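**Q** Any chance you could fold what I've pasted below:
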Amino acid sequence: MNQKLAAQRHELILRAVRTHGTVRLQELVDLLGASAVTVRRDVTALADRGLVVRVHGGITMPRHAEPFPRGPQSVVGPAPMHPLVGMVAPSVEYYWPAVIQGAQ
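**A** Sure, this is the predicted structure:
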């Protein structure tokens, strides 16, 4: 294996996971134009170094890593340590306040 090419693939993998938070292995195969075996080998090497965490079918950022950037929020302040999740409720009456509070 050519080390320079491996280093380039590792950088692209890290950039993708930093940008998206979680990346599927098939997306990395398509992005890198490499075989699934090569991508798995690269992901294993990065996971062994603690740079990514393997999850079923993909990889994600380790908890100790800097969070991935989030649009305008990353410009004006630090990004949150967890993904941003939205919720739509049909109303704020009846039992929905308790549902909203539970989700928070």
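**Q** roughly how far apart are the most centrally placed residue in the chain and His10?
**A** Against the mean C-alpha coordinate of the chain, by C-alpha atoms, centre = their mean, the closest residue is Gly21 at 1.6 Å. Going from Gly21 to His10 by C-beta to C-beta, to the nearest Å gives 18 Å. Yep, even glycine has a C-beta here, placed from its N, CA and C like the rest.
**Q** before we move on, what about Thr19?
**A** Relative to His10, and taking C-beta to C-beta, Thr19 is found at 15 Å.
**Q** Of these two, which one has the most company?
**A** His10 (17 against 10; other C-beta atoms under 10 Å).
**Q** and Gly21, what are its phi and psi?
**A** Main-chain torsions, Gly21, degrees, to the nearest 10: phi 90, psi -50.
**Q** what residues are up against Glu27?
**A** Glu27 sits next to 16, 58 when contact means C-beta atoms under 8 Å, 6 or more residues apart in numbering.
**Q** All set, thanks.
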